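*Asks:* Here is the input, now give the coordinates:
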Amino acid sequence: MKTYLIIGLIVIVALVVGIYLFTKKEYALKESFASPDAAYTIDLYVEQGNPGSGSFTGDADFKKAYVILKNKNGEVLSKPSVLNSCRFTLGDFSLDWNEEGKIYFTKFNYIDLSDHSMNCM
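*Replies:* From the prediction side, this is the model:
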């Protein structure tokens, strides 16, 4: 009876790990944008789709994306965290280097340059 329980637990754990690895999304750098004064760079990372999906609809706008803020030396100043993933759909991306010290990367989401914090809704 104990062996069946152990084998059952091993099978369940293997299934959970397999499902996680199968559904885990990969992101790749799509484009980099320099600030007007060349002091910062925003890197746009986009979810990689399944190449075998064969979709003919324009679903590129619905891919998930995120941004990373770097200084001119390439050091990361702001990036998504576990608690604040700041993911958005690619169709919502619009970059605005605000003169008030904020970089808007969607209509409502921005990075505050004073403390390099990401503010996402």
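*Asks:* Can you give the distance from the stretch of helix or strand Ile6 belongs to to the centre of its chain?
*Replies:* Taking DSSP states H and E as the definition, one finds Ile6 inside helix 2-23. The chain centre lies 29 Å from the centre of helix 2-23; the measure is CA atoms, centre = their mean, to the nearest Å.
*Asks:* How about stretch 97-112?
*Replies:* On CA atoms, centre = their mean, the centre of stretch 97-112 falls 17 Å from that of its chain.
*Asks:* in it, what counts as buried?
*Replies:* Within stretch 97-112, the residues that qualify as buried are 97, 103, 105-106, 109-111, counting by 16 or more other CB atoms under 10 Å. Every residue, glycine included, has its C-beta placed from N, CA and C.
*Asks:* how long is it from one end to the other?
*Replies:* 11 Å (CA to CA, to the nearest Å).
*Asks:* do the same with stretch 48-63
*Replies:* The first and final residues of stretch 48-63 sit 8 Å from each other (CA to CA).
*Asks:* and the residue positioned nearest the centre of the chain, what pLDDT?
*Replies:* Compute the mean C-alpha point of the chain, and by CA atoms, centre = their mean the closest residue is Tyr66, 3.3 Å away. At Tyr66, the pLDDT value in this model is 93.
*Asks:* and what of Val11?
*Replies:* Val11 is assigned a predicted lDDT (pLDDT) of 89.
*Asks:* what's the answer for the one 10 residues further on, then?
*Replies:* Per-residue confidence (pLDDT) for Leu21: 67.
*Asks:* Beta-bridge partners for Asp43, please?
*Replies:* Going by DSSP bridges, Asp43 is paired in beta bridges with Ser32, Ile68.
*Asks:* circling back to that earlier point, mind giving me the packing neighbours of the helix or strand where the residue nearest to the centre of the chain lies?
*Replies:* Using DSSP H and E, Tyr66 sits within strand 64-71. Contacts of strand 64-71 with other secondary structure elements, assessed using 3 or more CB pairs under 8 Å, 6 or more residues apart in numbering; DSSP states H and E, are made with strand 27-34, strand 40-47, strand 76-78, strand 88-89.
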